[in-house]
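**Q** Pasting the sequence and the predicted model now:
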Amino acid sequence: MLFLTYSSHCNYRTLFAAGSRSRRKQTTHASQDDPKHLFSFDKKKNPVMASSLVSKMASRAHLSNFSEVGRKIVGAALNYKSLAHDLKVPHPAKPIIFLKATSSYINVGQVIEVPKAETVNYEVELGVVIGKKCKRISEANALDYIGGYCLALDMTNVTQIGNAKKMSAPWDLGKTFDTACPVSKFIPKESIKNPDDVKLWLKLNGNVKQEESTSDMIFSTSQLISYVSQFMTLEPGDLLLTGSPSGVGPVRPNDVLECGLNDLVTMTFSVRAVES
Ligand SMILES: O=C(O)/C=C/C(=O)CC(=O)C(=O)O
């Protein structure tokens, strides 16, 4: 059970237990949330501090479940200079934004499904988990609204996107099929000092296919958050996929994808065929 704001009914023990369970599963950053450290003040003498602490813990527990509680996944396409160079396309003048349904999330242990007669590409990406509700925020303030991060794969059905392009139709069927958004555990915001300078890599069956720093992004993390927030309210738990560097390519049944972000997280997913 989670309490998002402090109230007279708030039960520190229950709330702490929720946060603690979540941390055990999701992170190794025990020291900063060590209960002894967090509770080394007198709650009766410091009610404001207690209230703020409870909110902070509730918020962390909530965000660490972003793939269950988030209401949208917003993607940025063609956001790496290296990919634009590979594809021989100009840099977009404004971010190219698409949505993925949250039903496309899968977590480690689940399998990516690929229709037998269609081509699905892997795309490794930095995912930004929104921490606070925001609407029409400036680039200067955008990083304040980040709650944390994850490593993500923006699995993309290029057969469907090709069909959509021919009809000038939206890309949805190529971006938001079931299993199209494999994600890692939640990475606390403090673990990444600068989201515009983290290293992403991906191996397909043990061979490196993608390896790039987010410093190659065309639009920075703050530019993307600010831009998206001009059009839609971003809410806690929403995920922003920041685009994929060069080296994207197709997966086949029984392939194994392994990817990583700095030395913070790695994740592995396998691929299976399903009927088209
Ligand atoms: O043009 C296509 O067929 C597909 C493009 C993408 O999937 C682009 C991205 O999503 C990206 O660059 O991250």
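**A** Great, that's in hand. Numbering: from 1, shown residues only.
**Q** which bits of the chain sit near the ligand?
**A** Taking C-beta under 6 Å from any ligand atom as the measure of proximity, the chain contacts the ligand at 75, 77-79, 83, 123, 154, 156, 158, 161, 243-244. Every C-beta, even on glycine, is put in place using the N, C-alpha and C of the backbone.
**Q** for those residues, which one is nearest Ser184?
**A** Closest approach to Ser184 among those (C-beta to C-beta): Asp154, at 13.3 Å.
**Q** burial of that closest one, as a residue count?
**A** Asp154: 26 surrounding residues under other C-beta atoms under 10 Å.
**Q** I'd guessed it sits against Leu239; true?
**A** No. If you go by C-beta atoms under 8 Å, Asp154 and Leu239 don't touch, sitting 10.5 Å apart.
**Q** which residues do the two both contact?
**A** Residues touching both Asp154 and Leu239 (C-beta atoms under 8 Å, 6 or more residues apart in numbering): Cys181.
**Q** Which members of the residues of the chain next to the ligand occur in helices, if any?
**A** Counting by DSSP state H, the residues of the chain next to the ligand place 83, 158, 161 in helices.
**Q** residue contacts, the last one?
**A** Pointing back at Ile161 there. Contacts of Ile161 (C-beta under 8 Å, 6+ apart): 171, 173-175.
**Q** For stretch 238-248, C-alpha coordinates in PDB please.
**A** Only the C-alpha atoms of stretch 238-248 are listed here, as PDB (Å, rounded to 0.1, in the frame of the first residue of the first chain):
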ATOM      1  CA  ASP A 238       5.500   8.400 -17.700                       C
ATOM      2  CA  LEU A 239       8.500   7.400 -19.800                       C
ATOM      3  CA  LEU A 240      10.300   9.400 -22.400                       C
ATOM      4  CA  LEU A 241      12.400   7.400 -24.900                       C
ATOM      5  CA  THR A 242      15.100   9.600 -26.100                       C
ATOM      6  CA  GLY A 243      16.000   8.000 -29.400                       C
ATOM      7  CA  SER A 244      18.500   5.400 -30.600                       C
ATOM      8  CA  PRO A 245      22.000   5.700 -32.000                       C
ATOM      9  CA  SER A 246      23.400   4.200 -35.200                       C
ATOM     10  CA  GLY A 247      23.500   0.400 -35.600                       C
ATOM     11  CA  VAL A 248      19.800  -0.400 -35.300                       C
END
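**Q** Tell me how far that stretch lies from the chain's centre.
**A** Its chain's C-alpha centre and that of stretch 238-248 lie 9 Å apart, by C-alpha atoms, centre = their mean, to the nearest Å.
**Q** mind listing what's buried in stretch 251-261?
**A** Using 16 or more other C-beta atoms under 10 Å as the test for burial, stretch 251-261 gives 251, 255, 257-261.
**Q** what mean pLDDT would you report for the longest strand that the chain contains?
**A** In the chain, taking DSSP state E as the definition, the longest strand is strand 265-274. In this model, strand 265-274 carries a mean pLDDT of 98.
**Q** tell me what it is packed against?
**A** strand 112-115, strand 146-153, strand 181-183, strand 256-261 (3 or more C-beta pairs under 8 Å, 6 or more residues apart in numbering; DSSP states H and E).
**Q** got the angle for the last one vs strand 146-153?
**A** Angle, strand 256-261 to strand 146-153, by axes from the mean of the first three to the mean of the last three C-alpha atoms, to 10 degrees: 150 degrees.
**Q** List the neighbouring strands of strand 256-261 plus their orientation.
**A** Strand 256-261 pairs in its sheet with strand 199-204 (antiparallel), strand 265-274 (antiparallel), by DSSP bridges.
**Q** Would you mind pulling the contact partners of that strand?
**A** 112, 122, 124, 126, 149, 151, 153, 182, 184, 187, 198-206, 210, 251, 266-271.
**Q** Off-centre distance for it?
**A** Distance, centroid of strand 256-261 to centroid of chain: 14 Å (C-alpha atoms, centre = their mean).
**Q** can you check the longest one too?
**A** Relative to the mean C-alpha coordinate of its chain, strand 146-153 is positioned 3 Å out (C-alpha atoms, centre = their mean).
**Q** could you say what helices and strands that strand packs with?
**A** helix 47-63, helix 66-69, strand 124-130, strand 181-183, strand 187-188, strand 239-241, strand 256-261, strand 265-274.
**Q** Equivalent analysis for the third one, please.
**A** Contacting strand 181-183 under the criterion 3+ C-beta pairs under 8 Å, 6+ apart are the following elements: strand 105-107, strand 146-153, strand 239-241, strand 265-274.
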